[in-house]
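Novice: sharing a sequence plus its predicted fold:
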Amino acid sequence: MRRILSYITVAVLMVIFCCSCGKLPPAKLISDIYCGSNDTLVALGLHGRGFAPSSFAFFSEDRGATWQQAAFTPVPSNMLLSLRPFPCGNVPALCAGGYTSVPEGSRWWCSKDGGRTWDETQRKAPFVNPRGSYSIIPDVAVAGEMGTLVAAEAGPEGLYLLRSTDCGTQWEQRLLLPDVRFASPIVSDGMGHLAFFGHAKDHLFGEQPKARVYWSADAGANWQEAVSPDGFFLQSMRLYRSPAGSLVAYNSQDRNYGQTVVFHSVDDGASWKWSRGLDCFGRIISIAADSRGRVVAMTRFGNILISDDGGGTWRDNGVPSYASADFNYDPTPMIFTDEGVVITAVDNSIIRSTDRGETWSIAALFTDPKERISALCANGEGLVVAAAGMSFARSTDWGATWQAGEMR
């Protein structure tokens, strides 16, 4: 009887804990969408909660109007797959990778028919899975026009660099930085210039963790530590490269007493400076730029930040009228076109600006307010696709009008 009461007590505490932390994640949700330039649309989803998730995929052949479930051979189980396009010639190979158990590392499935069928392959990036089976596999950066791919993976021994010069067929793996325990995704200009942020996890109490940016000018063959200003010590920074060539480093977690912190670089990451004009709080959850140098970002409190010099100087454009400072927004992609349209998501709403981020309005709402928008992508030709839970929506006019996608 005492054991039964103990089980009941534990169950009640778990319910109280989950209720205090917010709603449980949905049992099925779309986690990633790929919008190809040739109208290839592929969505990747997760099924199941807790310690035994599985992955599935959908594809669309009519620009997101209808979606069909894809076939995996064999079917992945107990894995969180992530979409990773590998460029090979003019047609990128669509691949999905995920971690298995620690001894096995990673498994990969690739599609050669626009996402309709997926076959397992052993040739893609051999990540070693340092953090357990249900971690997300790192991003893979396109480092050059000849199919050079680079990725960084941090583990207990330090930071590993994975590099391929033949579109992912063969990979070189080496321990690059023994003292680095965290690495942001590598950003690339596609012409050999790469950069990422890393910090050492172990440090004495009261001592600032060692944090720095590393950059490469030869597609990842050699790396150097960047010149950083005093105070460049924050953990969990991320990098963004604008189409105009500038680099922005921003806090992706609420560190430094919650203040928004941004640095910028105009020499491909070799040196960094503090950005000016920021006097707001909250981590940055969305950021994008156009080719003319304007950068738009949104904090987790809904503040819209705008820079017209590639991230050097910012102004706080305030919180739009639809938003509330009490909302804790999740990280979400942002789309910025050269026509001045900016699109991002807040909870179950798609929000849009037509004047380069100056004013905003709600463009579309998913019907279920409990389902947050989990994926957003565009193909560069007016098509925008969003997903929330297991629902799709699409726009063919840069987000002005939206239609629901049909599941078949």
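Specialist: Perfect, I can see it now.
Novice: tell me the confidence at Val319?
Specialist: pLDDT for Val319: 80.
Novice: would you map the strands across the stretch 51-200 of the chain?
Specialist: With strands called from DSSP state E, counting those that start in this stretch, the stretch 51-200 of the chain shows them at 54-60, 66-69, 71-73, 82-88, 91-99, 106-111, 117-121, 141-142, 149-155, 158-164, 172-177, 182-183, 187-188, 194-199.
Novice: same check on the stretch 251-400 of the chain?
Specialist: Going by DSSP E, counting those that start in this stretch, the stretch 251-400 of the chain shows strands at 262-265, 273-274, 284-289, 295-299, 304-307, 315-316, 335-336, 342-346, 349-353, 361-365, 373-378, 384-388, 391-395.
Novice: ok, the residue nearest to Val341 when sequence neighbours are not counted - how many residues close by?
Specialist: Nearest residue to Val341, sequence neighbours excluded (Cβ to Cβ, 6 or more residues apart in numbering): Trp398, at 4.6 Å. (Each C-beta comes from the backbone N, C-alpha and C, glycine too.) Per other Cβ atoms under 10 Å, the neighbour tally for Trp398 reads 21.
Novice: wait, isn't Trp398 in contact with Phe336?
Specialist: No - assessed by Cβ atoms under 8 Å, Trp398 is found out of contact with Phe336, at 10.7 Å.
Novice: rewinding a little: what residues are up against the residue nearest to Val341?
Specialist: 337, 339, 341, 343, 378, 382, 384 (Cβ atoms under 8 Å, 6 or more residues apart in numbering).
Novice: just the buried ones among these, please.
Specialist: 337, 341, 343, 378, 382, 384 (16 or more other Cβ atoms under 10 Å).
Novice: the residues you listed: which two are farthest apart?
Specialist: Spanning the widest gap among the buried ones among the contacts of Trp398 are Ile343 and Gly382, at 11.3 Å by Cβ to Cβ.
Novice: how about the strands of the stretch 251-400 of the chain in a markdown table, adding distance to Cys167 and mean pLDDT?
Specialist: Formatted as a markdown table, the strands of the stretch 251-400 of the chain follow (distance: least, Cβ to Cβ, whole Å; pLDDT from 0 to 100):
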| stretch | distance to Cys167 | mean pLDDT |
| --- | --- | --- |
| strand 262-265 | 29 | 90 |
| strand 273-274 | 36 | 88 |
| strand 284-289 | 27 | 93 |
| strand 295-299 | 31 | 94 |
| strand 304-307 | 35 | 94 |
| strand 315-316 | 42 | 92 |
| strand 335-336 | 27 | 96 |
| strand 342-346 | 31 | 92 |
| strand 349-353 | 34 | 93 |
| strand 361-365 | 37 | 90 |
| strand 373-378 | 22 | 91 |
| strand 384-388 | 26 | 94 |
| strand 391-395 | 30 | 94 |
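Novice: highest mean neighbour count out of those?
Specialist: strand 384-388 (a mean of 27; mean count of other Cβ atoms under 10 Å).
Novice: and that strand, what does it pack onto?
Specialist: Applying 3 or more Cβ pairs under 8 Å, 6 or more residues apart in numbering; DSSP states H and E, one finds that strand 384-388 makes contact with strand 28-35, strand 373-378, strand 391-395.
Novice: for Gly144, which non-adjacent residue is spatially closest?
Specialist: Ala219 (4.5 Å).
Novice: please verify my assumption that that neighbour contacts Glu145.
Specialist: No - Ala219 is beyond contact range of Glu145, at 9.7 Å (criterion: Cβ under 8 Å).
Novice: where does this protein have low pLDDT?
Specialist: Counting by pLDDT under 70, the chain shows low-confidence ranges at 1-27, 48-53, 88-92, 101-104, 129-134, 200-211, 230-235, 253-258, 322-330.
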